[in-house]
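Asker: need coordinates for the below:
(2 chains)
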Amino acid sequence: KQEVTQIPAALSVPEGENLVLNCSFTDSAIYNLQWFRQDPGKGLTSLLLIQSSQREQTSGRLNASLDKSSGRSTLYIAASQPGDSATYLCAVYHLGDMRFGAGTRLTVKP
Amino acid sequence: DAGVIQSPRHEVTEMGQEVTLRCKPISGHDYLFWYRQTMMRGLELLIYFNNNVPIDDSGMPEDRFSAKMPNASFSTLKIQPSEPRDSAVYFCASSLGTINYQPQHFGDGTRLSIL
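Answerer: Model prediction:
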């Protein structure tokens, strides 16, 4: 059974710092991996989707990498801003099964 | 563009009552998903539809849960009878194209409390 783990569970950084969020999964047989953002009381917003054949995806200040063989993905946020404060979740998908990590709660302090 | 719309936003009801959650996907999207989020179990995929047809309902916890999609613009998730352990936030999401390649768009969820 696929298990997805996110470390750390919470992270607090000063504005302007570059940071890395980690996601690991136990079964490398995946179709894709997604990174989401969730604000309090809201649904999830898809940030980046990486196909199993891809190594990374970039959108603005965000860069996500995928190493399927080692079961790892990272989300890199450059020049963090207070508006980046949210919970970030990763999810892996395979054959109708989507598994989410518990998320990393990020706080960016002004 | 209007996003995924869920109703109600909050529902409080007593154990044993029937609960119906509603979802309107983004127009033109052909995939619809229902999720449940709790502190203990995180986010779980319950069921998803393609072109109004249920494709995989292996995540539905038990027979008390049922989901329908009578047309491309409306879906319901029903719990009958409800139990306190069903208390959670239920999300609906839709996507254009298969989940293999397309990101999902989530609604703001229905916070369900069963007393």
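
Asker: residue contacts, residue A:23?
Answerer: Contact analysis of residue A:23 by Cβ atoms under 8 Å, 6 or more residues apart in numbering or on different chains lists A:4-6, A:33, A:35, A:72-75, A:90, A:101. (C-beta placed from N, C-alpha, C; glycine too.)

Asker: hang on, residue A:75 packs against residue A:33?
Answerer: No: between residue A:75 and residue A:33 there is no contact under Cβ atoms under 8 Å: 10.1 Å.

Asker: circling back to that earlier point, between the contacts of residue A:23, which sits nearest chain B?
Answerer: Ranked by distance to chain B (Cβ to the nearest Cβ), the contacts of residue A:23 are led by residue A:101 at 7.5 Å.

Asker: helices of chain B, residue ranges please.
Answerer: Assigned by DSSP state H, chain B shows no helices.

Asker: which neighbours do residue A:75 and residue A:33 have in common?
Answerer: With Cβ under 8 Å, 6+ apart as the test, residue A:75 and residue A:33 both reach A:23, A:64, A:90.

Asker: and the second one, bridged to which residues?
Answerer: Residues in a beta bridge with residue A:64, per DSSP bridges, are residue A:57, residue A:75.

Asker: got it, and the last one?
Answerer: Following DSSP bridges, residue A:90 is listed with bridge partners residue A:35.

Asker: around chain A, which positions in chain B sit nearby?
Answerer: B:4, B:42-45, B:48, B:55-56, B:58, B:91, B:93, B:99-109 (Cβ under 8 Å from any Cβ of the partner chain).

Asker: what comes into contact with the helix or strand of chain A with the lowest mean pLDDT?
Answerer: Lowest mean confidence among the helices and strands of chain A (mean pLDDT, DSSP states H and E): strand A:97-100, at a mean of 90. By Cβ under 8 Å, 6+ apart, the list of residues contacting strand A:97-100 from outside reads A:2-4, A:25, A:89-93, B:42-45, B:56, B:58, B:99.

Asker: now stretch B:49-59
Answerer: By Cβ under 8 Å, 6+ apart, the residues outside stretch B:49-59 that reach it are A:96-97, B:30-33, B:44-48, B:67, B:69-72, B:75, B:98.

Asker: among those, name the ones in strands.
Answerer: Of the positions in these, A:97, B:31-33, B:44-48, B:67, B:69-71, B:75 sit in strands, assigned by DSSP state E.
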